[in-house]
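J.: Here is a sequence with its predicted model. Questions after.
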Amino acid sequence: MATAKKDIKYINRDFSDFRQRLIEFSKTYFPQTYNDFSEASPGMMFMEQAAYVGDVLSFYLDNQFQETFIQYAQQTNNVYELAYMFGYKPKLTGAAQVNLDFYQQLPAIQIGVEYFPDFTYALTIGENTSVNSPNNIFFIIEDKIDFSISSSQDPTEITVYQVANNIPQYFLLKKTRKAISSTISTETFTFTEPIPYNTINLSTSNFIKILDVTDADGNIWYEVDHLGQEMVLDSIKNTNINDPNKIDDTPYLLRLKKVARRFTTRVISPTLIQLQFGAGSPSDIIEEIIPNANNVGIGLPFEKDKLTAAYSPVNFLYTGTYGIAPSNTSLTVRYLTGGGVLSNISANTLTNLNNGNARFNNANLNPTVANYIFNSLASNNNEAAKGGSGGDTITQIRQNSLASIAAQRRSVTADDYLIRALSMPSNYGSITKAYIEQPKLTDEQVSTIETLNLYVLSQNSNGQLDYASKTLKNNLRTYISQYRIIGDNIEIRDAFIINIAVTFEIIVYPEHNNNEVLLACIAALQNYFNIPNWQINQPILLRNLYILLDKIKGVQTVKTINITNKAGTSSGYSQYAYDITGATQNQIIYPSLDPSIFEVRYPNTDIKGKVVPL
């Protein structure tokens, strides 16, 4: 006899639904076989057991499905796994940061009739030097300090420290470095046979980052975002040997380097960090696929075509091994731990300097003087350390992971290139101002959307705007190339500097001191025209200047404000003159059509005021 088709529903989700549906199912299809549905009957016992199993299975199915979505996942390990999938690396601690001042004395030396610091006694403090507070909160500096050099990016402040008979005996040198609250931990791992995608684990708390990884032969292993990334940024100290165009605003030259020894890090839990290596052997031959018509447009021999493939400009050089696996060696891993709320220490507490990394740049020094100079090394934080906090909460990991999808590592819009230019590490040179736009085309020219002009400016050692050097532009070009879309053409150009002077006349209330009010007005204008407050192509709104001075206590009326151009390299100004009168419309001074920025180069002398009678 053919089996009748039974109506089975799949929408039951809990115990009561399962139980009721089993009762209805039995009444419908087995009316003569079983009809005792009382609570004490044996049949109801089996039905309720089946409903219980269905409810439990449904619960676990829902739970597992929920754990696949980062916005609903509850288990900590699943949240970390999903964050890894989205490309977000959770922050396990917040490290406090502070500007640390370092001091050393230098003996005076007479040259002619003048006295200068004797830089033969200059000291160098190595990178990763630690400084701690009395309650043993440690901070380290990542960059070394060389007191023998001074540049716009690494200025040295020199003052007379000790005088005898009106003759300088010792000078005091001061340099400033950023420091983060952390300590260096070291672990060593031994490897024998190469194991594809081998991993090692760091069991630690308050992990900040990997400092470096080296093997027994002294080879450096580089951390990458993913094992498929072969190109890393490599720095070379800027010397005449490396670059004949060396100038002092770029301490390091930036180069792209293809590396086989690489690893990636992964946060497994708040106390477990995993390092993963590649799958290749050091003896493997790395295949390089250089883009040309045969392997891009027409296709590789084993595939029909590659016209729809998504190529990255970073990784046109491929290897199927994703880097090599360590073998027959040992790896020394140094990493930073620390941070937290307790690292937010007060000012003037980081005074215990570990001078084990300090050394003199020269030999054959007077031992007595050298010992005195070495003992003069000191450090201090003139401001409180800030930024120390706990790690990401589960909610923060969820939100940051979702945000990482929208945050592109590639530069797609013009603003993306602008941010990349301003975020270049300072040891490769510092871009102070940047502006990007498409080229201005005439009616006869054809628009090329993929071409963009990036206008940049740097600063000199006095904090004044200056034109970027050729070396700095080369470093910026190399840095941007890692994020540039393959079809984009970025032209790096100099923006124009328009130097100005400000004069004004005010009327002061009779009960106020004229000099005090005048000095307050000058200070307000100096702060208004401070370089960090200005961007390329920003106009000057004269109305805002009138309002600014009107708010100064004691000012009755602002009678006039005049902006004039200052030009001429012989006087220290920009070589470019500018017609301020012609550029003024409706109380607004507009910059030139070519990207430019207004600058009060000498605010102490180029901002002048006068009190006039009513």
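T.: Thanks, I have it. Numbering: from 1, shown residues only.
J.: Can you give me the pLDDT of G388?
T.: Looking at G388, its pLDDT reads 87.
J.: Wasn't I492 part of a strand?
T.: Yes - the assignment for I492 by DSSP: H, G, I helix; E, B strand; the rest coil puts it in a strand.
J.: surely it meets R477?
T.: Yes - under the criterion of Cβ atoms under 8 Å, I492 lies in contact with R477, with a separation of 6.1 Å. The way it works is simple: take the backbone N, C-alpha and C, and place the C-beta from them, glycine included.
J.: between the two, which one's more packed in?
T.: Summary of the neighbour comparison: I492 and R477, criterion other Cβ atoms under 10 Å, with I492 having more neighbours (20 against 15).
J.: For the residue most central in space within the chain, give me phi and psi.
T.: The centroid of the chain falls nearest to S423 when counting by Cα atoms, centre = their mean (6.1 Å). With angles defined as degrees, to the nearest 10, S423 shows backbone torsions of phi -100, psi 10.
J.: neighbours around P510, how many?
T.: When neighbours are counted by other Cβ under 10 Å, P510 registers 7.
J.: now do T557
T.: With neighbours defined by other Cβ under 10 Å, the count for T557 comes to 14.
J.: Show me what the helix or strand harbouring it is packed against.
T.: Here T557 is covered by strand 555-566, with elements defined by DSSP states H and E. Secondary-structure packing of strand 555-566 (3 or more Cβ pairs under 8 Å, 6 or more residues apart in numbering; DSSP states H and E): strand 496-508, helix 542-550.
J.: next structured bit after it?
T.: strand 584-585.
J.: Can you give me the pLDDT of the residue nearest to the centre of the chain?
T.: Spelled out, the predicted local distance difference test score at S423 is 78.
J.: change the start of the numbering to 418 and stick with it
T.: In the new count, where the first residue is 418, that last one comes out as S840.
J.: measure it to D833 for me?
T.: Using Cβ to Cβ, to the nearest Å, we find S840 at a distance of 11 Å from D833.
J.: same deal with R894?
T.: With the distance defined as Cβ to Cβ, R894 ends up 16 Å from D833.
J.: what do you get for Y900?
T.: Between Y900 and D833 the distance is 7 Å, computed by Cβ to Cβ.
J.: got it, and Y1007?
T.: Taking Cβ to Cβ as the measure, Y1007 falls 27 Å from D833.
J.: Can you name the residues in contact with stretch 985-1003?
T.: Among residues not part of stretch 985-1003, those counted as contacts by Cβ atoms under 8 Å, 6 or more residues apart in numbering are 913-917, 959, 980-984, 1006-1009, 1013, 1016, 1018-1019.
J.: Which among those residues count as buried?
T.: Under a neighbour-count criterion of 16 or more other Cβ atoms under 10 Å, the subset of those counted as buried comprises 913-917, 959, 980, 982-983, 1006-1008, 1013, 1016, 1018-1019.
J.: Now for those: which two are most distant?
T.: When the buried ones among the contacts of stretch 985-1003 are compared pair by pair using Cβ to Cβ, the two farthest from each other are Y1007 and Y1019, 23.4 Å apart.
J.: Helices along the stretch 468-617 of the chain, start to end?
T.: 493-502 (DSSP state H, counting those that start in this stretch).
J.: typo on my end, the stretch 718-867 of the chain
T.: For the stretch 718-867 of the chain, helices defined by DSSP H, counting those that start in this stretch occupy the ranges 784-792, 811-823, 831-839.
J.: just checking, what packs against the last one?
T.: It stands for helix 831-839. Looks like helix 831-839 contacts strand 850-854, strand 868-876, helix 887-898 (3+ Cβ pairs under 8 Å, 6+ apart).
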